[in-house]
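J.: Give me coordinates for this.
(2 chains)
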Amino acid sequence: MDVTDSRLAGRVAVVTGAGQGVGEGIARRLAQAGATVVVAARRAETGQPVVEAILEAGGAATCIETDVTSRDSVRHCVAATREQFGRLDVMVHNAFTSNGRHRLEDCDLDRHWTPMSRTAVWGSLYCAQEAHQALRAARPHGRLILITSPSGVEGSANMPLYSPVKAAQRALAKSLAREWGPEGITVNCVAPVAGSPALVRTFETNPALRAAMEARTPLRRVGDITTDVGSVALFLASDDAAYVTGQTVVCDGGSFLGL
Amino acid sequence: MVGVSGGVGVSGGVGESGAAAVRGGAGERGGAVVIRPRFDPVARGFDEISDDDFQAAFEAPLQDTIQAMQRAVAAGVTRIVVVVPTTGMSGGDHYAHTAMAAEAVRVLVKSAARQWGALGVTVNAVAVDPAMVIDDPTLAGPVSLAPAALDRADPQAVIDFLASEASGDVTGQTIVVDGGLWM
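T.: All right, here's what the predicted structure looks like:
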């Protein structure tokens, strides 16, 4: 990693769901570029190790326990961030919970829909609304980044209710790009496919899945949560993307080419 | 063939028209349902959206649509058509809540098409001019840089086609019927 990268020096970023997976990768990458990162994890026992890894690498980070399904919890996270660091420039909403594969005709709304809607969609509502004032104050550096999925564009045969929640996030990015653009805030999405811990564990028990994913991916590998996905989030968070808003950047090695 | 009512419903619960048409022996499937989710037509600054507003503007149309689709398949319907505004595809200033629901419904259509194709069920969306759904499309912002290519946009014929047997090889699609505004 380029240790001279200081694109986010002096800026403060909150990353939800940063205790593992894609969120962790984004938190690490933003910290490598000089941001002070708030690891907003639901439980400190997952968030704190990420903080310690960032500190060991010479970065700056802290953990604030945050439940994105609770407006009060997100409000506390934003307030504590501003109180501790004096500002908030970048809000990344990544946290997400699902209950796995389901059939649409048999699915139960409480079991299959609500956990995804609450974390992805309502979490986006809360993160955007509660961070808005801080992002406006951070002009011209205010950034809202939502982590969505290629499935939010093309639908999903395995998790049909996953796609609409991810689609809603894309529509929110387009809408807020229009509404918050005059305030100098950019709003974008990243749609990654990367080797999260859950996926890596699956690979260990099902090597054929890795081979299949690599075979269908033009770049012939599964993405890295930090160097691949985190770097796209860093671009969108940085001044390099100051004139980019309302967009979805697909980061999946070229598997989905439908945009 | 089933009757399909005109217009785009914006009030009340989810609108459904059509019925499963049982032809011949027991278990035979057929017929169409047109689902018109109730999208919030009211402009709201994003910061002003309360939890109750969002429950009504996002959760209600999504959950109603999911359940309407489930009822349709359980009834043996083989054509499902869902009507949405293009606001979900373009985003909308002061209409984030409506855009989120509209786009979520539109992509739900794709997921349903992927799962239910093997059952012989097609699921498609018709995307209509935002002016047919929301109160103030000018506030929402331009759908495209160019003006609409046509001065008319009646989606009914396309809805009828997608609800008919003739559309059997079409599924997971969004046909935009807005006079050539969104391209």
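J.: for the most centrally placed residue in chain B, which residues make a bridge with it?
T.: The central residue of chain B, meaning the one whose C-alpha is nearest the mean C-alpha position (CA atoms, centre = their mean), is residue B:83 at 2.2 Å. Taking DSSP bridges as the rule, residue B:83 bridges to residue B:126.
J.: OK, contacts around it?
T.: The neighbourhood of residue B:83, defined by CB atoms under 8 Å, 6 or more residues apart in numbering or on different chains, consists of B:8-9, B:34-37, B:125-126, B:128, B:155, B:159. For glycine as for every other residue, the C-beta is placed from the backbone atoms N, C-alpha and C.
J.: now residue B:153
T.: Contacts for residue B:153 (CB under 8 Å, 6+ apart) come out as B:128-129, B:132, B:177-179, B:181.
J.: Is it in a helix, a strand, or coil?
T.: Following DSSP: H, G, I helix; E, B strand; the rest coil, we place residue B:153 in the coil state.
J.: Look up phi and psi at it.
T.: With angles defined as degrees, to the nearest 10, residue B:153 shows backbone torsions of phi -160, psi 80.
J.: In space, what's closest to it - neighbours in sequence excluded?
T.: With CB to CB, 6 or more residues apart in numbering or on different chains as the measure, residue B:179 is the residue that lies nearest to residue B:153, at 3.7 Å, once sequence neighbours are left out.
J.: And the helices in chain A?
T.: Listed in chain order, the helices of chain A (DSSP state H) span A:21-32, A:44-56, A:71-85, A:114-116, A:123-137, A:151-154, A:162-180, A:197-205, A:207-216, A:231-237.
J.: Determine which of those helices shows the lowest mean per-residue pLDDT.
T.: Ranked by mean pLDDT, these end with helix A:197-205 in last place, scoring a mean of 86.
J.: and the lengthiest helix in chain B, anywhere near chain A?
T.: Among the elements of chain B assigned as helix by DSSP H, the one spanning the most residues is helix B:96-116. Yes. In terms of CB under 8 Å from any CB of the partner chain, part of helix B:96-116 sits within range of chain A, namely B:96, B:99-116.
J.: Give the buried residues for that helix.
T.: For helix B:96-116, burial by neighbour count (16 or more other CB atoms under 10 Å in any protein chain shown) applies to B:96-116.
J.: Ok, stretch A:225-245 next?
T.: For stretch A:225-245, a neighbour-count test (16+ other CB under 10 Å) marks A:225-226, A:228-238, A:241, A:245 as buried.
J.: contacting residues for residue A:35?
T.: Listed by CB under 8 Å, 6+ apart, the contact partners of residue A:35 are A:8-9, A:11-13, A:60, A:89-90, A:237.
J.: From residue A:7, how far off is it?
T.: Residue A:35 is 9 Å from residue A:7, where distance means CB to CB, to the nearest Å.
J.: Show me what the helix or strand of chain B with the lowest mean pLDDT is packed against.
T.: Comparing helices and strands within chain B by mean pLDDT, DSSP states H and E singles out strand B:15-17 as the least confident, with a mean of 71. With contacts defined as 3 or more CB pairs under 8 Å, 6 or more residues apart in numbering or on different chains; DSSP states H and E, the secondary structure elements packing on strand B:15-17 are strand B:32-36, helix B:60-74.
J.: Residue numbers of the stretch 151-259 of chain A in contact with chain B?
T.: With the criterion set to CB under 8 Å from any CB, the stretch 151-259 of chain A comes near chain B through A:152-157, A:159-180, A:246.
J.: pLDDT wise, what is residue B:21 at?
T.: Looking at residue B:21 specifically, the model assigns a pLDDT of 41.
J.: How about residue B:24?
T.: Reported pLDDT for residue B:24: 36.
J.: likewise residue A:99?
T.: 85.
J.: Please apply the same query to residue A:258.
T.: 85.
J.: Quick check, it in contact with residue A:152.
T.: No. Under the contact definition of CB atoms under 8 Å, residue A:258 does not touch residue A:152, with a separation of 11.0 Å.
J.: ok so, going back, contact partners for the residue nearest to residue B:153?
T.: For residue B:179, the residues meeting the contact criterion (CB under 8 Å, 6+ apart) are B:129, B:148-153.
J.: do the same with residue A:120
T.: In this structure, residue A:120 makes contact with A:96, A:165-166, A:168-169, judged by CB under 8 Å, 6+ apart.
J.: and the two most separated of these?
T.: Greatest spacing in those, by CB to CB: A:96 and A:168 (12.4 Å).
J.: Between those two, point out the one with more neighbours.
T.: residue A:168 (32 against 24; other CB atoms under 10 Å in any protein chain shown).
J.: which residues sit in contact with that one?
T.: By CB under 8 Å, 6+ apart, the contact list for residue A:168 reads A:120-121, A:124, A:152, B:58, B:100-101, B:103-104.
J.: distance of it from residue A:210?
T.: Following CB to CB, the distance that separates residue A:168 from residue A:210 is 30 Å.
J.: Skip the chain neighbours and tell me the closest residue to residue 113.
T.: No chain in the question, so chain A it is. In this structure, residue A:113 finds its nearest non-sequential neighbour in residue A:161, 5.1 Å apart by CB to CB, 6+ apart.
J.: hm, I was asking about chain B
T.: For residue B:113, ignoring the flanking residues on the chain, the nearest one in space by CB to CB, 6+ apart is residue B:172 at 3.4 Å.
J.: just residue A:111 next, same as before
T.: Beyond its immediate neighbours in the sequence, the residue positioned closest to residue A:111 (CB to CB, 6+ apart) is residue A:99, lying 5.8 Å away.
J.: Does that neighbour touch residue A:115 like I think?
T.: Yes. Using CB under 8 Å, residue A:99 is in contact with residue A:115, at 5.9 Å.
J.: Relative to residue B:135, how far out is the residue nearest to residue A:113?
T.: The span separating residue A:161 from residue B:135 equals 29 Å under the rule CB to CB.
J.: Which one of the two is surrounded by more residues?
T.: residue A:161 (24 against 15).
J.: pretty sure that one is touching residue B:111, no?
T.: Yes. The criterion here is CB under 8 Å, and residue A:161 meets it with residue B:111 at 7.3 Å.
J.: Any regions of chain B where pLDDT drops low?
T.: Within chain B, the ranges that satisfy pLDDT under 70 run B:1-14, B:18-28.
J.: so who does the closest residue to residue A:29 other than its chain neighbours touch?
T.: Across the structure, with CB to CB, 6+ apart as the measure, the residue nearest residue A:29 apart from its sequence neighbours is residue A:230 (2.7 Å). Residue A:230 makes contacts with A:25-30, as judged by CB under 8 Å, 6+ apart.
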